[in-house]
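Student: compute the structure for the input listed below.
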Amino acid sequence: MNDSKNEEVMIPDWMFSQEAYTPSEDKEAFLSKSTKSVLSVLAKLRFREGKDGKFSAIPSLKLFYTILLIILTACSRNYLFTLIMCAAVTVRLAFFSAASIRQILSGTAGAVLLSVFILLPSVFMGNPQTLMNITSRVYVSVTLIGILSAGTTWNKLTGSMRTFRIPSLFIFTLDITLKYISVLGEMCADILTSVSLRSVGKNPQKAKALSGVLGISFLKSREMAEEMYAAMCCRGFTGEYKIRKKYKLRLPDFFYTLLMLGCVGLFFYLNRNM
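Tutor: Below is the predicted model of the structure:
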C-alpha cells in the first residue's frame, strides 16, 4: 500500500520540449474578399430607426414626389430643367450628415460612371450633349432615390406603399427579401470570420470550405423560414399590411407640396414650346 504511494512517476522527455511548429503561409484572398463583399452589401442595407428628419414630410408624400420628380426629369425635353433639378437635388443633399452624404453619393457615383462608360462612344461620334444629358438625368434620379432611402425609415416606407393601393404580396416580397438578405449576410460574415480564425496553415481544399459556408447558410435560411412561418401563424398574419399610425398634415407637408407644384409648373413652362 505504502509502496504504491511512494512510487515515482517519470515524465517523458518529449513533454518538456517546446513546440516549434511554424505553419506554412497561405493566401487568404478568398476569405478576405468574400468577407469584404458581404460587409459592403450589409453596409447598404440598414433598417435603423430615427432616420426621419424633424422637418420631413409624411412618408407617402415623400414617396409620391420622389417618383414624380424622377418622371419629370426623364420626360423633360429642355436641358435647363434638368440642370435646375441637379442644383436642387445637390442643395437638398447638403442638409444631410456627412455619413449619409457619403452613402448616397457612393451609389450615385457608380450609376454615373456606368452611364459615362456606356455613352462614351457618343462623344467621339460628335454627340457630346447626349452624354451630358443622360448623365445628369441619372444623377438626379439615383440621388433622389438615395435621399428617399436615407431620409425615411424602411418600415414607414413600406407602410406608405399601401396608401397608393400597391398589392400586399408585392410589399411583403420586397420587405422580406431585403431583410433576409441583411440577416443572411450577417450570418455569412460570422461564418467567414470563424473559418478565418480556425484556419491554421495552408488549406488546399478551398472549394470544400466554400461549399461548407454555402451549405450552412442554406440550412440556416431554411430554419429561419420555418420559424418565421410559424411566428406569422401564431400572430394571425394574413398577408395584409395595415397602417396603424395615422399621419396628420403638418407645415413641412404643405411646403413640400408647394415645392412639388412649383416643379410641375416649371416643367410645363420650360417644355411648352419644345
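
Student: tell me how many other residues surround F170.
Tutor: Close neighbours of F170, defined as other C-beta atoms under 10 Å, add up to 10. For every residue, glycine as well, the C-beta is placed using N, CA and C.

Student: and the helix or strand hosting it, what does it pack onto?
Tutor: According to DSSP states H and E, F170 maps onto helix 168-198. On a contact count with 3 or more C-beta pairs under 8 Å, 6 or more residues apart in numbering; DSSP states H and E, helix 168-198 meets helix 29-44, helix 154-160, helix 206-235.

Student: who's in contact with the helix or strand harbouring L83?
Tutor: Assigned by DSSP H and E, L83 belongs to helix 79-93. Helix 79-93 has contacts (C-beta atoms under 8 Å, 6 or more residues apart in numbering) with 69, 72-73, 76, 101, 104-105, 129, 132-133, 136-137, 139-140, 143-144, 147, 263, 266-267, 270-271.

Student: how about it: buried residues?
Tutor: For helix 79-93, the neighbour count (16 or more other C-beta atoms under 10 Å) marks 81-82, 84-86, 89, 93 as buried.

Student: would you list those in a markdown table and tack on distance to F255 and pLDDT?
Tutor: Putting the buried residues of helix 79-93 into a markdown table (distance: C-beta to C-beta, whole Å; pLDDT from 0 to 100) gives the following:
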| residue | distance to F255 | pLDDT |
| --- | --- | --- |
| F81 | 21 | 92 |
| T82 | 23 | 91 |
| I84 | 18 | 92 |
| M85 | 18 | 93 |
| C86 | 21 | 92 |
| V89 | 17 | 93 |
| L93 | 18 | 88 |
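
Student: got the residues you listed as JSON lines, with distance to S217 columns?
Tutor: Output for the buried residues of helix 79-93, formatted as JSON lines (distance: C-beta to C-beta, whole Å):
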{"residue": "F81", "distance to S217": "47"}
{"residue": "T82", "distance to S217": "44"}
{"residue": "I84", "distance to S217": "47"}
{"residue": "M85", "distance to S217": "42"}
{"residue": "C86", "distance to S217": "42"}
{"residue": "V89", "distance to S217": "38"}
{"residue": "L93", "distance to S217": "36"}
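
Student: distance from the chain centre to the helix holding L83, please.
Tutor: 25 Å (C-alpha atoms, centre = their mean, to the nearest Å).

Student: circling back: how far away from the center of its chain is the helix holding F170?
Tutor: Chain-centre distance of helix 168-198: 11 Å, with C-alpha atoms, centre = their mean.

Student: would you mark the buried spots in that helix?
Tutor: So for helix 168-198, counting by 16+ other C-beta under 10 Å, buried means 171, 175, 182, 184-185, 187-189, 191-192, 195.

Student: what angle do that helix and helix 206-235 make?
Tutor: Counting by axes from the mean of the first three to the mean of the last three C-alpha atoms, to 10 degrees, helix 168-198 lies at 140 degrees to helix 206-235.

Student: what mean pLDDT does helix 168-198 have?
Tutor: For helix 168-198, the mean pLDDT works out to 76.

Student: now the helix holding L83 - C-alpha only, CSV.
Tutor: Output of helix 79-93 as CSV, limited to C-alpha atoms (Å, rounded to 0.1, in the frame of the first residue of the first chain):
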residue,chain,number,x,y,z
TYR,A,79,-32.0,70.6,-70.6
LEU,A,80,-32.4,73.7,-68.4
PHE,A,81,-35.0,71.8,-66.3
THR,A,82,-32.5,69.0,-65.8
LEU,A,83,-29.8,71.5,-64.7
ILE,A,84,-32.2,73.1,-62.3
MET,A,85,-33.1,69.7,-60.8
CYS,A,86,-29.4,68.9,-60.5
ALA,A,87,-28.9,72.1,-58.5
ALA,A,88,-32.0,71.5,-56.3
VAL,A,89,-31.0,67.9,-55.6
THR,A,90,-27.5,69.0,-54.6
VAL,A,91,-28.9,71.6,-52.3
ARG,A,92,-31.2,69.1,-50.6
LEU,A,93,-28.3,66.7,-50.3
